[in-house]
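Q: Mind looking at a prediction? Sequence and model below.
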There are 2 protein chains.
Amino acid sequence: MSGSKSTEASIDHLGIAVRSIEQALGFYRDQLGLAVGPRETVVQEKVNVAMLPLEESRIELLEPTEEDSPVGKFLAKRGEGLHHVALKVPDLEAAVARLKNSGARLLNEPRAGAGGHLYVFVHPNSAGGVLLELIQG
Amino acid sequence: MSGSKSTEASIDHLGIAVRSIEQALGFYRDQLGLAVGPRETVVQEKVNVAMLPLEESRIELLEPTEEDSPVGKFLAKRGEGLHHVALKVPDLEAAVARLKNSGARLLNEPRAGAGGHLYVFVHPNSAGGVLLELIQG
């Protein structure tokens, strides 16, 4: 990947962990006026998701369906708040290769998520305390 | 503000609190390959800032210049991590009026920040645990 190519990275979405999507929509939809897009339940992650589209990006509200789930554990430890940042990158394979070569800690191998897009997570210890998701753009 | 207009909101930047910008650039610049844009010190906020431009947005690394500062206190309490989310809105005045009318807690009246753009902060208690900055687009 060339140095210039990597500047084409863009924010895909922000994930915000909430105890109740309905309660959070009281702010994001009713007070702030954002539109609400698709809602779904991701069974394997034990989470209900509401997407709030923005120009070129979206906010993703994440509500756990079980306490024993990644988002449930996050809420128990830190309370409601930003859970992860997702960057879209033009060449995920090259980004992953560079991260591995330079010693960054990845939480998974690239795999297909919602919509079939490949993604990986970078551990917060490698990314300034941020759980960083990289998505093939 | 019409309901449709508010869907034009977009993410302006993510603010990430770090103990050392140089150390954080070891990940964001050297491992992830992002370009580094302007760097400055914002004296009144006691913080060094490095901007990492993305398509339509940017990451903002925030390093405190004093422990007794908003970002310094954040680091002492929570460690490194996402500090705030900034949304660009097409009509800040109307957004602020709607938030006030519906009981959301604002941390300041609209005021001019970097580049002369008006901004307000919404308290995390009103925004699902997120320190939310609204910026006139």
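A: Arrived safely. Residues are numbered from 1 along each chain as shown, chains lettered A, B, ... in the order given.
Q: From B:Val36, how far out is A:Ser102?
A: From A:Ser102 over to B:Val36 the distance is 16 Å, taken as Cβ to Cβ, to the nearest Å. To be clear about C-beta, it is placed using only N, CA and C from the backbone, and glycine gets the same treatment.
Q: residue ranges for the helices of chain A, please.
A: For chain A, the helices defined by DSSP state H cover A:21-25, A:70-78, A:92-101.
Q: I'd like those as JSON lines, with distance to chain B, mean neighbour count and mean pLDDT appended.
A: Listed next are the helices of chain A as JSON lines, based on distance: least, Cβ to the nearest Cβ, whole Å; neighbours: other Cβ atoms under 10 Å in any protein chain shown; pLDDT from 0 to 100:
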{"stretch": "helix A:21-25", "distance to chain B": "5", "mean neighbour count": "17", "mean pLDDT": "88"}
{"stretch": "helix A:70-78", "distance to chain B": "8", "mean neighbour count": "16", "mean pLDDT": "89"}
{"stretch": "helix A:92-101", "distance to chain B": "6", "mean neighbour count": "16", "mean pLDDT": "90"}
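Q: Tell me which of these lies nearest to B:Ala94.
A: Shortest distance between B:Ala94 and the helices of chain A, using Cβ to Cβ, is found for helix A:21-25: 19.8 Å.
Q: by contact count, what packs against that closest one?
A: Using 3 or more Cβ pairs under 8 Å, 6 or more residues apart in numbering or on different chains; DSSP states H and E, the elements in contact with helix A:21-25 are strand A:47-54, strand A:57-64.
Q: and for it, what are the contacting residues?
A: The contact list for helix A:21-25 (Cβ atoms under 8 Å, 6 or more residues apart in numbering or on different chains) reads A:Ile16, A:Val18, A:Val36, A:Arg39, A:Asn48, A:Ala50, A:Leu61, A:Glu63, A:Glu80, B:Gly128.
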